[in-house]
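Chemist: Sequence and predicted structure, then a few things I'm wondering about:
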Amino acid sequence: MIPIAYWRNRKVYTRMVGSKCKDCGAEFFPPVRVCKKCGSRNIEEKEMPKSGSLLAYTKLSEPAQEFKEYAPIYLGLIRLDNGVNVISMIADADEEKLKAGARVQATVRKWTEDGKGGLIYYGYKFRVLQ
Ligand SMILES: [Zn+2]
């Protein structure tokens, strides 16, 4: 992780602030400067809903170096309740509950840290609801 980039984008990572087009109403996450639907630049910030459904997932047994201590990592493709699709790590993953259509909710968790005593990065992860 690059600390300055993280700091600049922290509301995206912790509050899931995306974009909404003021002209056509389309919503996007991560945020965009230009509407991918109508091309408008009339964009406002919009916090995404924190709940949705799991569409699919994959298990990473050998993640990138900075995430190795958290292996295996589960990555989910999630459709938020506003229709926006997001790829997210899944917290507290239990393979028995990871099924297409399962309801999921965003929580803020530790993503990674820069070594012992370094910066700790927090961000959204989704967990499966019972
Ligand atoms: Zn638009």
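Modeler: All right, it came through fine.

Chemist: Which secondary structure state does the residue positioned nearest the centre of the chain sit in?
Modeler: Note on the chain: the residue nearest the mean C-alpha position is S88, at 4.2 Å, using C-alpha atoms, centre = their mean. Assigned by DSSP: H, G, I helix; E, B strand; the rest coil, the conformation of S88 is strand.

Chemist: measure it to K68 for me?
Modeler: Separation of S88 from K68 (C-beta to C-beta, to the nearest Å): 19 Å. C-beta here means a position set from N, CA and C on the backbone, and glycine is covered the same way.

Chemist: Now do stretch 40-50, average pLDDT.
Modeler: Taken as a whole, stretch 40-50 carries a mean pLDDT of 97.

Chemist: what comes into contact with that stretch?
Modeler: Contacts to stretch 40-50, defined as C-beta atoms under 8 Å, 6 or more residues apart in numbering, come from residues 15-24, 27, 29, 31-35, 80-82, 84, 86, 105-106.

Chemist: quick one: buried residues of it?
Modeler: 43, 46, 48-50 (16 or more other C-beta atoms under 10 Å).

Chemist: How about it and the ion, touching?
Modeler: Yes. In this structure, stretch 40-50 sits against the ion according to C-beta under 5 Å from the ion; the contacting residues are S40.
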